[in-house]
Every structure is written in C-alpha cells, then in structure tokens.
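Q: Test case, fold it:
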Amino acid sequence: MDPTNRVNDLIVITGRLADLLERENDALRNRRSKELNDILDEKVTLGRVYESRIMGLTEAADALDEVDPELRERLRGVGEKVNGLIEENAKLLKIAIEANRRVVNLIAEAVKASVPSAGTYSPTGAATPQGHRAAPRNIAISVDRRL
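A: Residues are numbered from 1 along each chain as shown. Just a heads-up that it's a prediction; the model follows:
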C-alpha cells in the first residue's frame with residue numbers, strides 16, 4: 001500500500017479512536033455505565049485496527065519520508081491528542097474501579113453485619129449477643145433418651 005494512503009488511513013482511524021475515547025471519558029465522568037458496555041466493544045475492535053496499522057507503518061518507516069510533511073504533522077497532532085485522551089482514560093478508569101471496589105466492600109460489610117449470630121462467650125462463660133439480630137439467649141432444649 002502507498003505510504004500516503006497508509007498515513008491517511010491511520011489519521012482516519014486515530015481520529016475515530018480519539019472520538020471514541022472522548023465519549024468513553026465523558027461516560028466515565030458522568031457515571032453512564034450502560035454506554036460504557038457499547039463503547040468497550042467498539043474500543044477493542046478499533047484498538048486492534050489501530051495497532052495493526054501502526055505496526056504496518058513502523059515496518060515501513062523509511063517510506064514515511066515519501067509522505068507529505070504536512071500529512072505527517074497531521075498524524076503527529078492526532079496521535080498526541082489520542083495519547084492525552086488515553087492518559088485521561090486511564091485515570092478515569094482507575095477512579096471508577098476504585099469506587100466500585102469500595103461499594104462492593106461496603107456491601108460485603110453490611111451483609112456480614114446483618115447475619116444473625118449466636119454471639120460469643122465472655123471470659124465468665126456468659127453468651128453475649130452481637131447485635132439485635134442475634135439468636136435468643138434462652139434456647140429450650142429437649143433430649144430424646146429413647147433408643
């Protein structure tokens with residue numbers, strides 16, 4: 001493929017990736033998780049296409065000298081934009097993951113706290129209930145002595 005066409009393709013793909021990252025970053029900032037699932041599929045596909053185009057271009061790095069300097073500069077500019085968006089995306093994803101982890105931990109703690117318990121024995125041998133949902137202290141027990 002002609003180096004100029006490769007660069008043009010890469011500019012279009014990089015531009016689409018930049019638009020996608022902007023949408024994802026906006027969805028992360030505004031906690032629109034339903035949008036993120038749709039974006040993720042497109043992001044994976046577009047990322048693979050981008051990676052294959054970059055690999056093809058780096059294998060023919062000498063051919064870039066034949067490409068118009070203005071076109072190379074355009075590619076550099078859109079590449080820098082994508083790099084900035086990727087950095088922002090990584091930060092927003094890290095924040096979202098941490099927030100979700102904290103919510104899950106809070107839910108787990110709430111579940112543990114709400115589980116009924118018979119309590120624990122004190123040093124004097126008395127049973128002390130742990131909370132209002134503990135099992136009753138006086139439990140009737142009967143033993144069937146028939147065999």
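Q: where does the protein have low pLDDT?
A: Along the chain, the model assigns pLDDT under 70 to residues 1, 115-147.
Q: mind checking how far the nearest residue to Arg16 once chain neighbours are set aside is from Asn100?
A: Residue nearest to Arg16 in three dimensions, not counting chain neighbours: Leu46, with 6.1 Å by C-beta to C-beta, 6 or more residues apart in numbering. Where C-beta positions appear, they are placed from N, C-alpha and C, glycine not excepted. With distances taken as C-beta to C-beta, to the nearest Å, Leu46 is found 24 Å from Asn100.
Q: Between those two, which is the more surrounded one?
A: More crowded of Leu46 and Asn100, by other C-beta atoms under 10 Å: Leu46, with 18 against 11.
Q: Quick one: residues contacting the more buried one.
A: Shown in contact with Leu46 (C-beta atoms under 8 Å, 6 or more residues apart in numbering): Ile13, Arg16, Leu17, Leu20.
Q: Going by neighbour count, list what's buried in the host helix or strand of Thr58.
A: For Thr58, the host element (DSSP states H and E) is helix 33-59. By 16 or more other C-beta atoms under 10 Å, the buried positions in helix 33-59 come out as Leu36, Ile39, Lys43, Leu46, Tyr50, Arg53, Leu57.
Q: Helix 33-59 and the lengthiest helix in the chain, what's the angle between them?
A: Longest helix in the chain, counting residues (DSSP state H): helix 69-114. Interaxial angle, helix 69-114 versus helix 33-59 (axes from the mean of the first three to the mean of the last three C-alpha atoms, to 10 degrees): 140 degrees.
Q: chain center to the helix holding Thr58: distance?
A: Relative to its parent chain, helix 33-59 has a centroid offset of 16 Å by C-alpha atoms, centre = their mean, to the nearest Å.
Q: again, but for stretch 94-107
A: That offset, for stretch 94-107, works out to 11 Å (C-alpha atoms, centre = their mean).
Q: Cool, thanks, talk later.
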